[in-house]
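Asks: pasting a predicted model and its sequence here:
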Amino acid sequence: MQLITFKSTRDSIKAEAFLAASAIRVRVVPLPVAITAQCGLGLEIEDEAMARVKEILDDNDIIYKRQMAIQ
Amino acid sequence: MNLYFDNGSTSFPKSAAVAAAVDSYISTCGGSYWRGLSARTIEATSIVERCRDAVARTLGVAAAEHCIFTSGATAAVAAIICGLETAVGEKVFISPMEHNAVMRNLANVGAKYTVLPHNESGAIDVDKLSDVDTTGARLVVINCASNINGVIAPVAKIVEWAHSWGGVVAIDTAQAAGHIAIEGDSWDADYIIFTAHKGLGGVCGVGGFYARNPDSLKPFICGGTGSYSHSFDMPAVYPERFEAGTQNILGIAALLAALENPIARAHTADDFRHLIAEIKKIKTITLYSASDTIELFSIVCSNIECAKLAERLYFDFGIETRSGLHCTPLAHTTIGTINSGTVRISLSNSHLVADMATLVTALNSICN
């Protein structure tokens, strides 16, 4: 699984909406304390969906701040 | 029959969709803005951001993330005047129709105001702006449409003038939004102030502002945002830099519903002009309006004090208006009614011609 984070709450919720509308399986999850120097919550996405996720976010001018693999 | 002619105070009736949105939030949605990970949190957050998008469209600006929610237009004015760190003695240009939301905030920071050249209706005389001494000035505050006589300011020309000497312009659309097109990007507006509960058809307790360059403002209210929680400083990102604390999500849900479901107009511009013409026929009434106006005006009757006229309109005919100074002593000084006040009559889209005829009949009965 991949965790992506955003610079603002607005970007996070917009991303969640765009991904859900494109039938991408996405879950809002709390961020580990180590990276809460961002917007508190992130989006959990399946590994194989990441390429499509990047396309969708790019198409909608949403820049994610960080991506990391999680268990 | 709709005899509520006090839409300048707050609009009524609201769209049925507004009531449904309020009920839905209370009954099923709940949730706070990005504080949690449940479906209701996501829905509540989505409502706020969809409303922000709708507000940006309404204000004619592309940068929705630069649209900030506050508790109302007054708080938005304070956020701009204080956020710009307006100094004691600083020269601030204003229109002659400013509300106390502006005047009291300027007084609070000790700014020194200068009224721009204007005519007797309070319309700014753009031909005389080039004569104004701009030395030491930075901020211009413009009432987009008056809450006394409805006069509409020539906003684009004022912004052009202010930018020519390096000034910035804050445009108060509290009365204008929902009645005329707000074209923030086209106007090249620096700041736009709005409220939800008047022409936009939302409920009380929500307003806000747009800032073309949010970095120009220091946050007015600081606190938790649900983000960057490790820091005692406000986040550097928008909109949360200016939205500390929990927003009025109930009111924002109502505003979203209002913007997506505006009340259809039940009368025409000609119908409004006919109303004005009929009232002007009453010889004891002086009517305060302007050539370029929203559907709001004031009257004074020589036969009866304003407070008594408003009282009789309500108790004898069920017609709701507002008398007094309407929190706008500067505007009353401008149009010459500071001693009498006025009775303000402000329409909404839902008024029928028959409603206007009832108003004319009542005024004829009382004032003749």
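Replies: Sure, I can see it. Residues are numbered from 1 along each chain as shown, chains lettered A, B, ... in the order given.
Asks: what does chain B put close to chain A?
Replies: B:33-35, B:37, B:41-42, B:45-46, B:49, B:52, B:64-65, B:225-231, B:235, B:237-240 (C-beta under 8 Å from any C-beta of the partner chain). No exception for glycine: its C-beta is placed from N, CA and C like everyone else's.
Asks: hmm, try it at 7 Å
Replies: B:34, B:37, B:42, B:45-46, B:49, B:65, B:226-230, B:237, B:239-240 (C-beta under 7 Å from any C-beta of the partner chain).
Asks: how about those residues, which pair is most distant?
Replies: B:Ser46 and B:His230 (25.9 Å; C-beta to C-beta).
Asks: assumed B:Ala156 was part of a strand.
Replies: No - B:Ala156 is assigned helix when assessed by DSSP: H, G, I helix; E, B strand; the rest coil, not a strand.
Asks: ok, now which ones touch it?
Replies: B:Ala156 is in contact with B:Trp187, counting by C-beta atoms under 7 Å, 6 or more residues apart in numbering or on different chains.
Asks: just to revisit the earlier point, which among the residues of chain B next to chain A end up buried?
Replies: The neighbour-count criterion (16 or more other C-beta atoms under 10 Å in any protein chain shown) marks B:34, B:42, B:45-46, B:49, B:65, B:226-228, B:237, B:239-240 among those as buried.
Asks: make CSV out of the residues you listed and add secondary structure and pLDDT.
Replies: Listed next are these as CSV, based on DSSP: H, G, I helix; E, B strand; the rest coil; pLDDT from 0 to 100:
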residue, secondary structure, pLDDT
B:Trp34, coil, 84
B:Ile42, helix, 92
B:Thr45, helix, 94
B:Ser46, helix, 95
B:Glu49, helix, 97
B:Glu65, helix, 96
B:Gly226, coil, 85
B:Ser227, coil, 85
B:Tyr228, coil, 86
B:Val237, coil, 93
B:Pro239, coil, 95
B:Glu240, helix, 92
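Asks: redo these as a markdown table? Include distance to B:Pro13.
Replies: Output for those, formatted as a markdown table (distance: C-beta to C-beta, whole Å):
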| residue | distance to B:Pro13 |
| --- | --- |
| B:Trp34 | 33 |
| B:Ile42 | 31 |
| B:Thr45 | 29 |
| B:Ser46 | 27 |
| B:Glu49 | 28 |
| B:Glu65 | 33 |
| B:Gly226 | 35 |
| B:Ser227 | 38 |
| B:Tyr228 | 42 |
| B:Val237 | 38 |
| B:Pro239 | 31 |
| B:Glu240 | 34 |
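Asks: pLDDT wise, what is residue 16 at?
Replies: In the absence of a named chain, chain A is used. Each residue has a pLDDT score; the one for A:Glu16 is 94.
Asks: try chain B instead
Replies: At B:Ala16, pLDDT is 97.
Asks: that one - how many residues pack around it?
Replies: 11 (other C-beta atoms under 10 Å in any protein chain shown).
Asks: for the one 3 residues further on, same thing?
Replies: A total of 14 residues lie near B:Ala19 under the criterion other C-beta under 10 Å.
Asks: which SSE is it in?
Replies: helix B:16-24 (DSSP states H and E).
Asks: and for B:Arg138?
Replies: strand B:137-143.
Asks: for that strand, name the packing helices and strands.
Replies: strand B:91-94, helix B:155-164, strand B:168-172 (3 or more C-beta pairs under 7 Å, 6 or more residues apart in numbering or on different chains; DSSP states H and E).
Asks: any chance of the ones you listed in a markdown table, plus mean pLDDT?
Replies: A markdown table is the format used below for the helices and strands packed on strand B:137-143 (pLDDT from 0 to 100):
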| stretch | mean pLDDT |
| --- | --- |
| strand B:91-94 | 98 |
| helix B:155-164 | 98 |
| strand B:168-172 | 98 |
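Asks: ok, and which of the ones you listed has the densest surroundings?
Replies: Most buried of the helices and strands packed on strand B:137-143, by mean neighbour count (mean count of other C-beta atoms under 10 Å in any protein chain shown): strand B:168-172, with a mean of 25.
Asks: mean confidence score for the following helix or strand past that strand?
Replies: Remark: after strand B:168-172, the chain's next helix or strand is helix B:184-187, criterion DSSP H and E. Averaged over helix B:184-187, pLDDT sits at 98.
Asks: what pairs with the helix or strand following helix B:184-187, parallel or antiparallel?
Replies: Scanning forward in sequence from helix B:184-187 by DSSP H and E, the next helix or strand is strand B:191-195. In the sheet, strand B:191-195 lines up against strand B:168-172 (parallel), strand B:207-211 (antiparallel) (DSSP bridges).
Asks: can you count the residues close to B:Cys29?
Replies: For B:Cys29, using other C-beta under 10 Å, the count is 19.
Asks: correct me if wrong: it contacts B:Arg40.
Replies: Yes - proximity of B:Cys29 to B:Arg40 meets the contact threshold set by C-beta atoms under 7 Å, at 5.7 Å.
Asks: and stretch A:33-43, how far apart are its ends?
Replies: 15 Å (C-alpha to C-alpha, to the nearest Å).
Asks: brain fart, stretch B:313-330
Replies: Stretch B:313-330: ends 26 Å apart by C-alpha to C-alpha.
Asks: that stretch: how far from the chain's middle?
Replies: From the chain centre to the centre of stretch B:313-330 is a distance of 18 Å (C-alpha atoms, centre = their mean, to the nearest Å).
Asks: buried residues in that stretch?
Replies: Buried, per 16+ other C-beta under 10 Å, within stretch B:313-330: B:313-314, B:317, B:319-323, B:325-326, B:328-330.
Asks: now do stretch B:54-64
Replies: Applying 16+ other C-beta under 10 Å to stretch B:54-64 flags B:54-56, B:58-61, B:64 as buried.
Asks: so how far is it off the chain centroid?
Replies: Using C-alpha atoms, centre = their mean, the offset of stretch B:54-64 from its chain centre is 16 Å.
Asks: can you check stretch B:7-17 too?
Replies: For stretch B:7-17, the distance to the chain centre is 14 Å (C-alpha atoms, centre = their mean).
Asks: likewise for stretch B:171-180?
Replies: 5 Å.
Asks: likewise for stretch B:13-27?
Replies: Taking mean C-alpha positions (C-alpha atoms, centre = their mean), stretch B:13-27 and its chain are 22 Å apart.
Asks: measure it end to end?
Replies: Stretch B:13-27: ends 22 Å apart by C-alpha to C-alpha.
Asks: torsion angles phi and psi at A:Ile70?
Replies: Dihedral angles of A:Ile70 (phi, psi; degrees, to the nearest 10) stand at phi -130, psi 160.
Asks: in terms of pLDDT, where does the residue lying closest to it once chain neighbours are set aside sit?
Replies: Closest residue to A:Ile70 apart from its sequence neighbours, by C-beta to C-beta, 6 or more residues apart in numbering or on different chains: A:Leu3 at 4.8 Å. Here the pLDDT value assigned to A:Leu3 is 93.
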